[in-house]
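*Asks:* Take this sequence and fold it.
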Amino acid sequence: MNRLLSFLMIFLLTACNLFELEFPYESDGTQININLVEKDQIKQFYDSGFDLDTLELEAETWLRHNEILFYDWSAQAFYLKNEKSKESNSSRYFVLKANEEPVFLGYFMSMFSSFVPTFPSIVAHDDFFYPKDVIVLGGYGIHETTTSLFEREKFRTVMEKSGLLKEGINVELTGLKRINSTTLRYTFKVTNLDLENIYIPDPKKMGESRFHYYTNGVILNKGEQHFSAQEFEVITSDNIKPQWYYKLTPGETIIRTVTLNGYENLPEGEVNATFYFPGSDNKTTGGWKMKDGWIWIGSFRAKQVLNIKN
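*Replies:* Predicted coordinates for the structure are as follows:
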């Protein structure tokens, strides 16, 4: 079963190890911390008008600034120096603070919950979707690159000032071709926005069928009609092998064209196209560390309006 549906910048000096980092944004001393909200402070699910200053927070900080290695903006993910347990916080609320000032409210979401928050969330189940030393804000990987945290200017600003921010990658759909009524050929490009190498899954190295074990490819919308591949060939794999990653060097862009069948009555003309680019599935603590860079973790949502060519 597709793992995406089961759920959905590192800068190193050449002679330094992973823990001797340099960042693109100079820190002004801003401290990023996460505190749990005292139980029973929130009686109903959060709405945008909630006053964060009225919340009582637990005195003990759950995640401290000095526990964080960096924050990847492209995946909205904290990479940590050590493991951090999340499971005991299921269904609890938290507040991310910058210098003790609340920035936003978040939620530890149970993987069995039917509630899908529209605000930042952390899956409260250790070692299921991500390693214990990576905390992704966005729940089941449904976090969109055009909404939520990406549009929170205050959050972006404080992360820059903290010196923890890294840009990560950018993914863009660039072309669609209708081979027949059930088969789509799509082209995407991935760019390294960082100053260090980032390793990404490569359909050219792993094969299209294995690549589509980790992503459903492209989802199309034309007016009220929805088109997604339902029955398509995949090759299962316990994990993404090291030789299936592409080492994306700083500023480099790669372009890949992939064919996917399993659609029904593919449309023609202009469509809204959505593609989730998958990150590493390695859930081992520290498994993302490379001698000359890091393996990207997360799910990047690329969305474009494109014309399907025949």
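*Asks:* Point out where the chain drops to low pLDDT.
*Replies:* Low-confidence segments of the chain, defined by pLDDT under 70, span residues 1-24, 43-50, 114-118, 139-151.
*Asks:* mind exporting stretch 52-65 as CSV, just the C-alpha atoms?
*Replies:* In CSV, the C-alpha atoms belonging to stretch 52-65 read as follows (Å, rounded to 0.1, in the frame of the first residue of the first chain):
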residue,chain,number,x,y,z
LEU,A,52,-2.5,32.5,22.8
ASP,A,53,-1.6,34.9,25.6
THR,A,54,-4.5,33.5,27.7
LEU,A,55,-3.1,30.0,27.7
GLU,A,56,-1.4,28.5,30.8
LEU,A,57,1.7,26.5,29.7
GLU,A,58,3.6,23.8,31.6
ALA,A,59,6.6,25.2,33.3
GLU,A,60,9.0,22.6,31.9
THR,A,61,9.9,23.2,28.3
TRP,A,62,9.2,20.2,26.0
LEU,A,63,11.6,21.2,23.2
ARG,A,64,14.5,23.6,23.9
HIS,A,65,16.4,25.7,21.4
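*Asks:* thought residue 125 was touching residue 111?
*Replies:* Yes. A contact is recorded between residue 125 and residue 111 when judged using C-beta atoms under 8 Å, the distance being 4.7 Å. (Glycine included, C-beta is placed from N, CA and C.)
*Asks:* distance between the ends of stretch 271-286?
*Replies:* Between the opening and closing residues of stretch 271-286 there is a gap of 40 Å (C-alpha to C-alpha, to the nearest Å).
*Asks:* For that stretch, buried residues please.
*Replies:* 271, 273-283, 285 (16 or more other C-beta atoms under 10 Å).
*Asks:* ok, these vs residue 294, which is closest?
*Replies:* Distance from residue 294 was checked for each of the buried residues of stretch 271-286 by C-beta to C-beta. The minimum falls on residue 280, at 9.5 Å.
*Asks:* And the nearest residue to that closest one once chain neighbours are set aside, how far from residue 75?
*Replies:* The spatial neighbour of residue 280 that comes closest, neighbours along the chain excluded (C-beta to C-beta, 6 or more residues apart in numbering), is residue 295 at 4.6 Å. Noted for residue 295: a distance of 11 Å to residue 75, by C-beta to C-beta, to the nearest Å.
*Asks:* residues bridging contact with the two, i.e. touching both?
*Replies:* Contact criterion C-beta atoms under 8 Å, 6 or more residues apart in numbering; residues shared by residue 295 and residue 75: residue 279.
*Asks:* quick one: contacts of stretch 27-39?
*Replies:* Stretch 27-39 has contacts (C-beta under 8 Å, 6+ apart) with 55-58, 60-65, 68, 71, 89, 92-100, 105-106, 158-159, 161-164.
*Asks:* same question but for stretch 78-86, I mixed them up
*Replies:* By C-beta under 8 Å, 6+ apart, the surrounding residues in contact with stretch 78-86 are 10, 19, 63, 67-72, 108, 122-126, 132-137, 285, 288, 294.
*Asks:* more crowded one of residue 295 and residue 75?
*Replies:* Taking neighbours as other C-beta atoms under 10 Å, residue 295 and residue 75 compare with residue 75 leading, 25 against 21.
*Asks:* Since that was my last question, I'll sign off now.
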